[in-house]
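Chemist: Generate coordinates for the sequence data below:
(2 chains)
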Amino acid sequence: MGIKQMKTIRISKHCQVLCLVQLQKPGTVLVLTGDGVKRGDVIAESKLPERFLVYDVVNQLKLEPQQVEKHIHRQVGETFNAGDVIAQKPGMFSRLFRARQNGKVVSIRDGKIVLALGGTSETALAPFPGVITELIHGRGAVIATGGAVVEGVLASTGETAGELVFPSLELDRRKRLADADTVKGKICFCETLNHPQLLTVLAEAGAIGLVLGSISPDVYTSLRNSDLPWLLLGGFGMVELDSLTLSVVETMKDETVYLVRAQVGQPAMLLCIKDNETEAQDLFKQQKTDLEVGSKVKLWGQPYEGRIGEVVELPEELEESACGGSITPVVVRLTEELIVRVPVENLMKILD
Amino acid sequence: MLSTTYYLGVEIGAKHTRAWLFDNRAGSFELRDSAVVNSSLGDSGEVASGVRAAIQALQNNAEVELFAQGSQKLAFSMTEGGLKGAGLTVSAGNLPRTVLVGVSETYSLAALRRLAALFGCEVILTIHQQDELNATAQLSRMMASNADLFVVAGGSNQGATKPIQSALDNIRIIYENMPRVVKPQVVYTGNEACIADAQAAFEGSPDVHIAGNIQPEIGLEDQTVAWRAMLKAWQRIKRAELPGLDEVERLLTAQAQPTIFAAGRVMRLLDQMNPNGKGVMALDLGQTEARVVAARKDQLTGQISRDEKDLSLAKDAHQYLSQPLDQELVEAYLLNKSLMPDMVPSTLDELTIEQALARAKISQVFKKVQELNPIVGYQHWHGLNDPYEPIILSGEIFCNASEISQALLMAVDGIQPCGITTFVLDQYQVTPVLGALAEFEPMLVVQVIDSGVYESLGTVVGVDSPEKAGKKVLEIEVDENLPERRRLTILKGELKRIETFGAEKTSLYFSPTSSSEVGMGLRGLGGWLRAYDTQVGVVIDARGRPLELASDAVLRAKQLGDWAWELSK
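Modeler: Model (predicted):
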C-alpha cells in the first residue's frame, strides 16, 4: 500500500507537457482545439474599461441641480464615441462636455455623471509553442507540447524564453561579470547565488532570466524587487541541487528554453521543447502520485536537504523522530551505503 | 433508557479534513471519536471526497453507522436519538480579498476592520469619505482591487446619507462593469436610512447582503448585527472558490462557517459564562497561519496571520533561539518551510528554529490583534496585560510538540501574559466545530468542554516587577496538605515550575514584594491560589516583560535552554 497525496515535482528529460493558460476574468477564447500556437500568441482575452471618470455636471457646467437631467444627452447604459456631447448647457455662452474617448455612461446621480472610458484588454498568452488540446469556456485553453522539464519550487510571476547558458560568476576588476558577453539576451543558470550584488551584475550584463539552484535569503529579497523572470529549483540556504535536476538542466544547455510561471494547479517550470524525443506512448502515460517502494523522492530538511533517493521501505508504525515528535517514517536509499529514515512530510515524489 | 443522540462535526482545512462525533451516551455530551485525513483539495482539486473519507474513517473508528446503509447520504434521524445534526467549518482556501468602505477612518473603518478580521478576510483596500480621494480616484482604486467582497458601513442611523449613497453607487459601478468569474459580494451594514438605496442600486441581487447598522449611535458598536450578512457573503465566496463545498453542505445539511468565526462563537459563550470577569482566548498555531480569537467585555475579536515568507519573522525569532545559530539559517529555514509547510524538523537546530519561529509568529499575531482592537490588552513591550482565563491553545505546532512543556513555554514566551492565567490544549482541535454545532444544541458546547476535552497544561503566574535581575520579587508558600509548608523565593529573571497534585492537595500563597504584582489587582498584594492538577503545574514567570534576554547569543541560548529545562518534567 502506498502513501497518498504526496507533494510531487517533475524532473524529466522527455515528457508531455500540458499547460493550462487562462484569464483571471471571463472573456473570449480565441483558439480552437488542434490549433498550433507560437509563444506569445493570444489564447484568450477579456475586455475591460480603461478607466472611470466622474464628471460633476452641476459645477462644471454651472447648472442648477434640478435642471441637470434635461441637459444630459446620454442615458445610463448608453455608449458613445470620442467627441460625442455628453452634456450641454445651452444659451449664448454654451458649455459642452464632450467625451474624449469611446465609452459608456454607467451612472447619473446627484448631478454627477460617471463614464466608463476606453477599452483595455487582459490577455492570456501562450508561454511556449504547442498545440491546443482543450478549451476552457470563456477562460482559456490547455496547450500541449513535449520536451525536457524541470519544475521549480518557487518562481517570479514573469515569463521569458531564450537560450540557456551556464555563465561563470567571476567578476573583473571593475566588478562586472567577466563572462558578460555570453549572458546578454540569455537565460542564465546559476547553481547557487548567494550575494545580491551578483544578481545586479547579471541584470546589468543583460540576462533576460535566471534559473537558480539555491539562493540566500538576501538574494530572494532582491529578486522580489527585480523585474527579471526567475525560477528556483532547489531552495534556500545550504541546499544541494540534486544530480538528476542537474543532468536534465545540462541537456538544455545552449538550447532555447521557456521559463513558464506557475498557474492554478501547476508549478512554475523550465521547459526545453524536444518534439522528436517524445514517444507516442508517453502522451497517455498517467503517473501515479502515491508513494510506493521504488519511488524516487527528493528530501527536504537538514542534513539531506535537496538530495534524491529511492524508497526502499514504507514502515506502517509511527516512530519517534530525532527531535522527539512522532513521525510516519519512510526508508530511503540515498547511496549504496547510505540508507536513511525520513518523515514522509519531508519528501517530494519525483515524476519523470 | 433514552437512545443516544449524535452530532457530527467537520472541518475542511488546507492540509487536513477532520471529522468528530459527539454523543450523549454517558448522560451528557462528550467527544466520542475523531478522524483526520489529508484534504482532497490539493490532490483532486475539490473538497467533497476528503470530507467523505474523513466521515468514513470516523464511522470506522467510532463503530457508529453515519452513512445510511448502501447510501452516500448521512443517516440523519427524525426520531429520538441517532444523528441529529452536523456542523461544518472551513479554513481552506484563500482569505477573501476585501475592500472596506466607510465614512471615517476612526469610526466606521475601525469597526469594519474588526468585522472583516472575524471572518478571515484580507483587507486589500480601505476607502473613507473623508480622505483626499476624488470620486474618480476612488473608482480607479476599487477597479484595480479585484476584490471578492465589499463591506460598506458608516453613519449613525440619524446621520448623513449622501456619502454612503455615493459609496454604494461606486460599488455598483464596479459590480456591473468589471468582468469577474464570480461576482463580488457586497455587505451593507451602515446607516439604516440607506438600506432601501442599497437594495435598489443592486436590484435585489443575491450578491448583496443587507444588515443593520454596525454603529447605530455615535460611540456604540454592535458587530453582531452584521454577522449574518457577512456569513452569507463569505459562504457564496467559498462555494465559488472550493469545488465540492456545496455538495458537502448538502451532505451535512449544514452551511459552512469560517473556522475563526466558529471558534469565536465558543469564546463568546465561555466569556459570558466566565464568573471571574476575565476574558477567554484561543490561539491556533498551524503550519501556514496563526489565528487568535479573544472574547472580553462583550467584544469578540479575531485575527488571522499568514505571513509565510515574511523575513521580519526570522529577525524576531532570532532572539528566541536556544542554540546560537546565524540569522541567515533562520531565514533560510523559514523560506524553505514556506515551500514545504508540512516539513518536520529533523535536527536539533531545525527544532530550535521551528520553536523560535512559533514564538515570533505568536507575538506577530498578537500585535495585529491589538492593532485591530485595543481592548484585547496586549502591548508588544509588555505582553498580555489584561486577564484571560483560560487561553486555549490548538494547532499543529502545539499539538505536535514533542513535550507538553515545550508547547506551554512557546505560548508563554510568545504571549507573555501578566498576572494569573491558565493554559489548556485543545488537542483534538474541536473548538471551532463546537461553535458550528452550538446552534443545534447550545448545551453540547458546555457539556463537551466540561467532559475534559481540553488538556490542562498549566497555570502561569506572570510577575510584573521593576526590580533588577537577581533581586527577590516574590515569596511563595506551597501547601501540599503536609505538616510543613514549602517556602520558595522567586528572584527576578527566574522561571519556576511548581508541580501540582490536585486542587485538594496544592494551594499556593503568594507574597510579592511591595513593587511586584502577581495578578491580585495591586502591587504588593498577595493571596491564595488553588492549583488544579495540570500537566506542567504552576509556572511562576518572573523573567520580566518583555522577556529580559541576554544580548550575547551564546548566553541567551543558555538562558532559553535553562528555562526549557526548568519546565520539562
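Chemist: what sits up against the helix or strand harbouring residue B:200?
Modeler: When elements are defined using DSSP states H and E, residue B:200 is found to belong to helix B:195-201. For helix B:195-201, contacts defined as CB atoms under 8 Å, 6 or more residues apart in numbering or on different chains pick out B:152, B:161, B:164-165, B:168-169, B:172, B:186, B:188, B:208, B:210. For every residue, glycine as well, the C-beta is placed using N, CA and C.
Chemist: Likewise for stretch B:267-283?
Modeler: So stretch B:267-283 is in contact with B:263, B:266, B:290-298, B:300, B:362, B:365, B:386-395, B:411, B:415, B:421, B:426, B:431, B:438, B:442, B:445-446, B:449, going by CB under 8 Å, 6+ apart.
Chemist: and those residues, which are buried?
Modeler: Neighbour-count burial (16 or more other CB atoms under 10 Å in any protein chain shown) applied to those gives B:263, B:266, B:290-296, B:300, B:362, B:365, B:386-395, B:411, B:415, B:421, B:426, B:431, B:438, B:445-446, B:449.
Chemist: Can you pull up the most central residue in chain B?
Modeler: Centroid-nearest residue in chain B: residue B:292, 2.9 Å away (criterion: CA atoms, centre = their mean).
Chemist: for chain B, what's the longest helix?
Modeler: Among the segments of chain B that qualify as a helix by DSSP state H, the longest is helix B:348-372.
Chemist: Could you count how many residues lie near residue A:65?
Modeler: Residue A:65 has 11 neighbouring residues, counting by other CB atoms under 10 Å in any protein chain shown.
Chemist: you'd agree it is up against residue A:57?
Modeler: No. Contact criterion CB atoms under 8 Å: residue A:65 and residue A:57 do not qualify, at 9.1 Å.
Chemist: and for the two, which residues touch both?
Modeler: By CB under 8 Å, 6+ apart, the residues touching both residue A:65 and residue A:57 are residue A:111.
Chemist: which residues of the chain score low on pLDDT?
Modeler: This is for chain A. Along chain A, the model assigns pLDDT under 70 to residues A:1-5, A:275-287.
Chemist: I was thinking of chain B, sorry if that wasn't clear
Modeler: Ranges of chain B meeting pLDDT under 70: B:1-2, B:132, B:502-504.
Chemist: give me that answer again for 80
Modeler: The model of chain B has pLDDT under 80 over residues B:1-2, B:42-44, B:70, B:129-134, B:155-161, B:275-276, B:307-308, B:501-505, B:569.
Chemist: which residues in chain A form helices?
Modeler: A:57-61, A:68-71, A:180-183, A:196-204, A:217-224, A:243-251.
Chemist: still on that earlier bit, and the next helix or strand after the helix holding residue B:200, what other elements does it pack with?
Modeler: Downstream of helix B:195-201, the first helix or strand assigned by DSSP H and E is strand B:208-210. For strand B:208-210, the packing partners by 3 or more CB pairs under 8 Å, 6 or more residues apart in numbering or on different chains; DSSP states H and E come out as strand B:185-188, helix B:195-201, helix B:224-241.
Chemist: Could you say which of these is packed most deeply?
Modeler: Stretch with highest mean neighbour count among those: strand B:185-188 (a mean of 29; mean count of other CB atoms under 10 Å in any protein chain shown).
Chemist: That strand: partners in the sheet, and parallel or antiparallel?
Modeler: Here strand B:185-188 is paired, per DSSP bridges, with strand B:149-152 (parallel), strand B:208-210 (parallel).
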